[in-house]
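Chemist: pasted the sequence and its predicted model underneath.
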Amino acid sequence: MADKLPINFKKHDIPENFEWEVHNLQAYAELKAKVARGEKSLNDLKEFEHKFREKEDQREWRWRRENLIKELEVSAAKKYREFKENPKEFMKKMADMGRGINMWWWKKPKRAAGQGKMIQNPVTGSWHSEYKPNKSMRLRAWLDAANNGKVMPHMNPKGKSLDRKPTEEELGKSEEFKKQRRNRVWDWVLNETNNFGRGWTDPKWGRLYKGRPGRGGKPAKVGKYTIK
């Protein structure tokens, strides 16, 4: 993992107080609960932490990644401050070094999906959308409108009240749609598994069952009797 680090990244020794990450978190939490109740000792906890902790290269990579992110944030804030103090001088300096400049430092992006306006961070120069909730009715007013069928017109074009029981026709349509969805799921499963490994070609003798499994054996036919 260390070979994936940037070439120009300054390598430092990892401090001793940088904690190790422990894997197997569920068992780790259960063991700590047992130690708190007195069912396990601290030695058991230390052995578990040493056994399931991350490897040395994972710890080194995690420490370098966190410090690299911090260094990049500090460097970006420093460059943006120089740009704000003297834009022409900073742009000339970057041009002499053959480096580009973040266009969003001086160009305002288009408004995002939210309703609020775009605000620029004074430290880093990044943009974010101001939180502004969409206008909506109060809960009681929405319930009253739902009782009169005046909400969700795209799903309720006839304007029927939502506070009612479904009709027999609607229940029948619902069952038909459920049946169609179940059949589509089973068709997909059979195709993906190649009929559960049996294929689709009938053998030389008899017929291959191509239906869904789990239905049990076929029911016995009703016998025919002659009444004398």
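Modeler: Thanks, I have it.
Chemist: how about the strands in the protein?
Modeler: Under the criterion DSSP state E, the chain carries strands at the ranges 118-120, 127-129.
Chemist: for the helix or strand of the chain with the lowest mean pLDDT, name the packing helices and strands.
Modeler: Every helix and strand in the chain was compared by mean pLDDT, DSSP states H and E; the lowest is strand 127-129, with a mean of 82. Judged by 3 or more C-beta pairs under 8 Å, 6 or more residues apart in numbering; DSSP states H and E, strand 127-129 is in contact with strand 118-120. Every C-beta, even on glycine, is put in place using the N, C-alpha and C of the backbone.
Chemist: buried residues in the strand it packs on?
Modeler: Judged by neighbour count using 16 or more other C-beta atoms under 10 Å, the buried positions of strand 118-120 are Q120.
Chemist: that strand: how far from the chain's middle?
Modeler: 27 Å (C-alpha atoms, centre = their mean, to the nearest Å).
Chemist: can you name every helix or strand that it contacts?
Modeler: Strand 118-120 packs on strand 127-129, going by 3+ C-beta pairs under 8 Å, 6+ apart.
Chemist: now the helix ranked longest in the chain, how far from the chain's geometric center?
Modeler: For the chain, the longest helix by residue count, based on DSSP state H, is helix 56-85. Helix 56-85 sits 26 Å away from the centroid of its parent chain (C-alpha atoms, centre = their mean).
Chemist: ok, back up a step: adjacent strands (with direction) for the least confident helix or strand of the chain?
Modeler: The strands that strand 127-129 pairs with in its sheet are strand 118-120 (antiparallel) (by DSSP bridges).
Chemist: what mean pLDDT does the strand it pairs with have?
Modeler: For strand 118-120, the mean pLDDT works out to 85.
Chemist: check stretch 130-147 too.
Modeler: Per-residue scores along stretch 130-147 average to 77.
Chemist: start and end of that stretch, how far apart?
Modeler: From its first residue to its last, stretch 130-147 covers 35 Å (C-alpha to C-alpha, to the nearest Å).
Chemist: coming back round to it: residues of the longest helix of the chain that come out buried?
Modeler: Applying 16+ other C-beta under 10 Å to helix 56-85 flags 59-62, 64, 79-80, 83 as buried.
Chemist: save the strands of the chain as JSON lines, and put in distance to N102 too.
Modeler: Compiled in JSON lines, those are given as follows (distance: least, C-beta to C-beta, whole Å):
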{"stretch": "strand 118-120", "distance to N102": "12"}
{"stretch": "strand 127-129", "distance to N102": "11"}
